[in-house]
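Novice: I'll drop the sequence and a predicted model, then ask my questions.
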Amino acid sequence: MDGITRRSALIMAGTAATAAYATPAFAAATTYDADAIVVGHGLAGLVATTELITAGKKVLLLDQENANNLGGQAFWSFGGLFFVNSVEQVLMGVYDSYDLAWQDWLGAAGFDRGIDDPTGQDYWAYKWAQAYVQFASGEKRSWLAGLGLQWFPAVGWAERGGGLADGHGNSVPRFHVTWGTGPAIVEPFANKVKASSKVTFKYRHRVDEITTSGGAVTGVRGAILEASDAARGVSSSRTVIGDFELKAPVVIVTSGGIGANHDLIRQNWPTARLGAAPKKMITGVPAHVDGRMLAITQKAGARIVNPDRMWHYTEGLTNFAPIWPNHGIRILPGPSSLWFTAEGKRFSAPDFPGYDTMHTLGSIIGTGYDYSWFVTTQKIVDKEFALSGSEQNPDLTNKDIWLLLSRIWQTPEPIQNFEKYGEDFVIANTLPELVTGMNRLTGSNLIDYDKLRLQIEARDRETQHQFSKDAQVMGIRNALTYFGDSLARTASVHKILDPDAGPLVAVRLNILTRKTLGGLQTDLQSRVLDASGNPISGLYAAGEVAGFGGGGVHGYRSLEGTFLGGCLFSGRTAGRSAAA
């Protein structure tokens, strides 16, 4: 078979393979193949597509993965959403307001790159932040409730901050866990898109180029990948069986971030701010979260801003049953575990569990090691440990109220499994045994028993009276004044070395890659801007690839519960703007 004949056969095979995934193409007589092309079938893409078809537009929805991955990374999420002055907050006795939330957002974001300069990297990010906090304070909850979503009544208190009223952190609990977790958030949009005759799915279509003419978008080109039946999240083949070119006057890029692309993470790592990138990182997102579309969209004229702003977690566990390569799971910690460096030195404020992720990340990297330790008790593990991810929370994900209530009297099974099978846990009845196990796990003698004991005993003395100078002990007592924390997220104050609270537990914590905070710069209509700040005709972006709006709506830090919300808000904005 000669080269031309072989290539024709491959293209024909690709067309046949794609037919199994797609509805019939639009009439060949039209100038365009559709009114809009959406690149990426994650949450932002589904929301944008929902808005387009609601406006009567025909849409081609493309993704390099198969149908099993519809919903993207949002499906794997814990389902946390940031609401301000919600029904749930009121029921829990939490007073919140737009002014307080905006104060917290500004303290967390630290915008410092030209918020008053139309050419500044933070100019549109700041405006998107204002719009998002207004959205979270207003119609966000009622809009989602109208789609059938519900939330667990005990509002979580994430990112408690660094100590000052106008600094980083949530002044009040705002982390609303969706009943059904990430899959429940994806479901109403996925169902509407799948049911619409106006949507043509193009699975296994990898976009390699955004085509333009005269400064305006005309469509996309790319490669058809061989058919795959890989389960959700499992790495799929990258074998190319054909090419494609599709035309539309509008292209919306919703392809996600760079969390699985460690090379791209290292390339953009903020060394001056955080120090050198860790030698070892585990991965919190599937392999297809590769960041390819950033460079591809940039080549079409788009401006990328704030690429050094990222959000990586410090409490990562190596998954004993991985789904994707180097799969890591994050502990969502309560406030009580003691946090130590790899050499056994206790971190000080604000580097306590659940307080300030980015500051703690910098502190860990500053030690010269890429891991740290929790030293805690089984009593704390039972009450305070949760694991991020829909698959790690079958009670919430499957809406199983009895299994959820069982958390009151038993350690959730996923946490039991990590204690039993996870490589990062050490469990012992005595501190000498714990230290021996910690050193054995790392193959070193970095932890000195006497030094560790003295630090723990010093902390334990601070629990013997109602006063304390230990900021973490004060924080625990503050948490216990909130009913939601005392009910489900914070153990009563006790000594770490109290045998009745045991056994002792040490957890090696790895750096876990997750979110991109910078990205394609967009205006408040989600139009992608060029290097001069002008909109590229027909080109829109939403979700993580756009820094969740404006190229960096979070600034340097997140208040949590804002990633899914950013996909929802920017996806809705992009779909509505493009439809108009």
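Specialist: Noted; the coordinates are in hand.

Novice: Show the average pLDDT along the helix or strand where residue 222 lies.
Specialist: Residue 222 belongs to strand 216-225 when assigned by DSSP states H and E. With pLDDT averaged residue by residue, strand 216-225 scores 98.

Novice: Would you mind writing the CA trace of it as CSV?
Specialist: What follows is strand 216-225, C-alpha atoms only, in CSV (Å, rounded to 0.1, in the frame of the first residue of the first chain):
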residue,chain,number,x,y,z
ALA,A,216,-11.3,36.1,13.1
VAL,A,217,-11.7,32.5,14.2
THR,A,218,-12.9,30.1,11.5
GLY,A,219,-12.8,26.8,13.3
VAL,A,220,-10.3,24.1,14.4
ARG,A,221,-8.0,21.4,12.9
GLY,A,222,-6.7,18.4,14.6
ALA,A,223,-6.2,14.6,14.8
ILE,A,224,-8.7,11.8,15.2
LEU,A,225,-7.4,9.4,17.8
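
Novice: Off-centre distance for that strand?
Specialist: How far strand 216-225 lies from its chain's middle: 27 Å, per Cα atoms, centre = their mean, to the nearest Å.

Novice: and what of stretch 479-489?
Specialist: Centroid displacement of stretch 479-489 relative to its chain, using Cα atoms, centre = their mean, is 25 Å.

Novice: end-to-end on that stretch?
Specialist: Taking Cα to Cα, to the nearest Å, the first and last residues of stretch 479-489 lie 9 Å apart.

Novice: One more: stretch 246-256?
Specialist: With Cα to Cα applied, stretch 246-256 spans 21 Å between its terminal residues.

Novice: Repeat that for stretch 227-244.
Specialist: Using Cα to Cα, the end-to-end distance of stretch 227-244 comes to 15 Å.

Novice: Counting neighbours, which bits of it end up buried?
Specialist: Applying a neighbour-count criterion of 16 or more other Cβ atoms under 10 Å, the buried positions in stretch 227-244 are 227, 228, 232, 233, 234, 236, 241, 242, 244. C-beta here means a position set from N, CA and C on the backbone, and glycine is covered the same way.

Novice: Any idea how far that stretch is from the middle of the chain?
Specialist: Shown here is stretch 227-244, whose average C-alpha point lies 24 Å from the average C-alpha point of the whole chain (Cα atoms, centre = their mean).

Novice: repeat for stretch 157-170
Specialist: When C-alpha coordinates are averaged (Cα atoms, centre = their mean), stretch 157-170 and its chain have centres 19 Å apart.

Novice: again with stretch 131-143
Specialist: When distances are taken as Cα atoms, centre = their mean, stretch 131-143 is centred 19 Å away from the chain's centroid.

Novice: cool, and stretch 428-443?
Specialist: Taking Cα atoms, centre = their mean, one finds stretch 428-443 lying 33 Å from the centre of the chain it belongs to.

Novice: Give me the three-state assignment for residue 464.
Specialist: Under the three-state scheme (DSSP: H, G, I helix; E, B strand; the rest coil), residue 464 adopts coil.

Novice: Is there a neighbour count for it? I'd like the number.
Specialist: Under the neighbour criterion other Cβ atoms under 10 Å, residue 464 is assigned a count of 10.

Novice: Check it and give its pLDDT.
Specialist: On pLDDT, residue 464 comes in at 92.

Novice: Distance check, it against residue 207.
Specialist: Note on residue 464: its distance to residue 207, by Cβ to Cβ, to the nearest Å, is 62 Å.

Novice: Repeat that for residue 297.
Specialist: With distances defined as Cβ to Cβ, the gap from residue 297 to residue 207 amounts to 9 Å.
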